[in-house]
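Engineer: With the sequence up front, the predicted model follows.
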Amino acid sequence: MRDALMLAAALAVCLAGMGWLALAMDVHWEQVRGAGQPHGAARRLRWLGAVALAAGLALCLGVDHASMAALVWIMALGASAIVVAMVLTWRPRLLQALAWAGGR
């Protein structure tokens, strides 16, 4: 049960990381917020995205040995990227929950 919760947390963290990396781009920020990015927001969002993806790897490594953890992490990255792309396509306002990190 603990392993399943850790893997679910890894997927959630990877999803947030991909969302922050997407919001670091001006086009996606404007889709979600409807205005330009505040000064320094892109750097902060990229940093948060990178830290979140690293945390996802750490959670995967806490569950399995390195070779299996890397595979699960890469699959989580792919799934997260697809989910963020679909959300940006059909319901970009759903990512407003992650936009707090960019400010304003």
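Structural biologist: Alright, I've got the coordinates. Numbers count the residues shown, from 1 in each chain.

Engineer: Could you list the buried residues of stretch 14-31?
Structural biologist: Of the residues in stretch 14-31, 14-24, 28-29, 31 count as buried by neighbour count, 16 or more other CB atoms under 10 Å. In short, each C-beta sits where N, CA and C put it, glycine included.

Engineer: gap between the helix or strand containing M68 and the chain center?
Structural biologist: Per DSSP states H and E: M68 is located in helix 66-90. A distance of 9 Å separates the C-alpha centroid of helix 66-90 from that of its chain, computed with CA atoms, centre = their mean, to the nearest Å.

Engineer: Give the next helix or strand downstream of that helix.
Structural biologist: Per DSSP H and E, the first helix or strand lying C-terminal to helix 66-90 is helix 96-99.

Engineer: ok, and what's touching that following helix?
Structural biologist: Here helix 96-99 makes contact (CB atoms under 8 Å, 6 or more residues apart in numbering) with A16, G19, W20, L23, W29, V32, R33.

Engineer: Any buried residues in that helix, and which?
Structural biologist: Under the neighbour-count criterion of 16+ other CB under 10 Å, helix 96-99 has L98, A99 buried.

Engineer: which residues touch L48?
Structural biologist: G17, W20, A101.

Engineer: how about the second one, what does it touch?
Structural biologist: Same thing as W20. L45, R46, L48, G49, A52, L98, A101.

Engineer: Would you reformat those residues as CSV and include secondary structure, pLDDT and distance to V63?
Structural biologist: Converted to CSV, those look like this (DSSP: H, G, I helix; E, B strand; the rest coil; pLDDT from 0 to 100; distance: CB to CB, whole Å):
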residue, secondary structure, pLDDT, distance to V63
L45, helix, 94, 27
R46, helix, 95, 27
L48, helix, 95, 23
G49, helix, 96, 22
A52, helix, 97, 17
L98, helix, 87, 25
A101, helix, 70, 27
